[in-house]
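Q: here is a sequence with its predicted model. Questions after.
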Amino acid sequence: MTGYKEGIREALPIMVGYVPLGLAAGLLLKQAGLSVLQIGLMSMLVFGGSSQFATAALLMNEASFMDILLMIILLNSRQMLFTSSLAKYLKEAPLFKTLLLCQCTTDESYAMNMFQFEKAEKEEGQRSVDNGLWVACLTYTTWCVSTIVGALLGGIIAGPEAVMNYVLTAMFIGLLIPQLKTRLIVMIAGLSGLLALALAPFLPTGVNIMLCTLVSSYLGYWLEKRRMRHLRGKRRNL
């Protein structure tokens with residue numbers, strides 16, 4: 001693949017951020033009962049930080065396999081939207097490169113690749129699929145290696161369950177806060193948290209999380225669609 005210098009430069013900030021998160025994910029999954037091999041395979045096949053942290057939480061709460069599987073599918077389904085929006089830049093790319101890029105895409109690598117593809121398009125420059133592949137593959141490798149190292153450390157460092165639950169909660173808060181960029185997102189996050197607390201005494205943990213995720217996702221979609229319709233109406237009236 002060509003374009004490795006640009007790919008390394010673009011991927012480096014993401015890679016630096018993935019190392020502590022990957023170590024934490026591997027450590028928590030090990031404490032939750034998975035083996036190093038299972039954690040490595042999960043990172044390579046699932047490759048989703050939020051899904052892997054959620055899996056650790058569900059395992060610690062003794063959720064069923066089906067609860068965990070449905071949660072992973074639900075959380076990772078957003079990747080279909082990401083990769084479909086990249087499709088127009090990959091029309092001439094070989095199929096195996098397109099598939100590899102889709103497998104290795106995350107929120108951060110998608111944002112970087114989309115920004116660079118759009119920048120090249122506006123400036124009438126060129127950005128090949130190889131540039132995007134370097135970004136995606138380097139971040140993918142960093143995450144996989146970091147989680148495996150975290151899992152190996154988890155076999156040595158056995159933290160008390162109460163401490164690990166605190167670490168997991170703190171990690172989810174750390175993942176949430178950077179996403180709170182608009183009032184709509186803050187409102188949806190708050191409503192989702194309140195709903196989860198209200199349903200906690202009545203539903204198993206896995207069912208509660210999935211239900212709250214579905215309800216808040218639909219509510220966010222509906223409110224955003226309503227907002228866009230309102231903006232289009234205002235533009236037509238100008």
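A: Nice, thanks for sending it over. The model shown is predicted, which means the values in this text are computed figures rather than measured ones.
Q: surely T213 is in contact with A189?
A: No: using C-beta atoms under 8 Å, T213 is not in contact with A189, being 11.5 Å away. Every residue, glycine included, has its C-beta placed from N, CA and C.
Q: how many residues are close by the closest residue to G49 other than its chain neighbours?
A: Counting by C-beta to C-beta, 6 or more residues apart in numbering, G49 lies nearest to L21, which is 5.8 Å off, once chain neighbours are set aside. Using other C-beta atoms under 10 Å, L21 is surrounded by 20 other residues.
Q: distance of L21 relative to G233?
A: Distance of L21 to G233, given as C-beta to C-beta, to the nearest Å: 41 Å.
Q: next one: I156
A: Separation of I156 from G233 (C-beta to C-beta): 60 Å.
Q: L223 too?
A: Separation of L223 from G233 (C-beta to C-beta): 16 Å.
Q: avg pLDDT for the helix or strand harbouring S43?
A: Using DSSP states H and E, the element containing S43 is helix 36-45. Mean pLDDT, helix 36-45: 95.
Q: so where's this protein uncertain?
A: Where the chain drops to pLDDT under 70, the residues are 1-3, 124-125, 157-172, 174-175, 179, 205-206, 234-238.
Q: how is it partitioned into domains?
A: Following automatic domain parsing, the chain resolves into domains at 4-178, 180-238.
Q: so the helix or strand following the helix holding S43 versus helix 36-45, what angle?
A: Of the helices and strands lying after helix 36-45 in sequence (DSSP H and E), the nearest is helix 49-60. Angle of helix 49-60 versus helix 36-45, following axes from the mean of the first three to the mean of the last three C-alpha atoms, to 10 degrees, is 150 degrees.
Q: show me the contact partners of the helix or strand following helix 49-60.
A: Tracing the chain past helix 49-60, the next element assigned as helix or strand by DSSP H and E is helix 65-76. The contact list for helix 65-76, computed with C-beta atoms under 8 Å, 6 or more residues apart in numbering, reads 46, 48, 50-51, 54-55, 58-59, 204-207, 209-210, 213-214.
Q: contacts for the helix or strand just after helix 65-76?
A: Once the chain leaves helix 65-76, the next helix or strand it forms, by DSSP H and E, is helix 78-86. Residues from elsewhere that reach helix 78-86, judged by C-beta under 8 Å, 6+ apart: 48, 101-102, 105-107, 110, 113-114, 117, 132.
Q: surely the residue nearest to G49 and S146 touch.
A: Yes: under the criterion of C-beta under 8 Å, L21 makes contact with S146 at 7.4 Å.
Q: tell me the angle of the biggest helix by length in the chain relative to helix 65-76?
A: In the chain, assigned by DSSP state H, the helix with the most residues is helix 205-237. On the basis of the same axes, to 10 degrees, helix 205-237 is oriented at 20 degrees to helix 65-76.
Q: give the buried residues for helix 205-237.
A: Under the neighbour-count criterion of 16 or more other C-beta atoms under 10 Å, helix 205-237 has 205-210, 212-213, 215-216, 219-220 buried.
Q: and what of stretch 67-83?
A: By neighbour count with 16+ other C-beta under 10 Å, stretch 67-83 contains the buried residues 67-68, 70-72, 74-75, 79, 82-83.
Q: nearest to Y140 among those residues?
A: Nearest to Y140, judged by C-beta to C-beta, of the buried residues of stretch 67-83 is Q79 at 12.5 Å.
Q: which residues are in contact with both of L21 and S146?
A: Among the neighbours of L21, none is also in contact with S146 (C-beta under 8 Å, 6+ apart).
Q: which one of the domains of the chain is the most hemmed in?
A: domain 4-178 (a mean of 17; mean count of other C-beta atoms under 10 Å).
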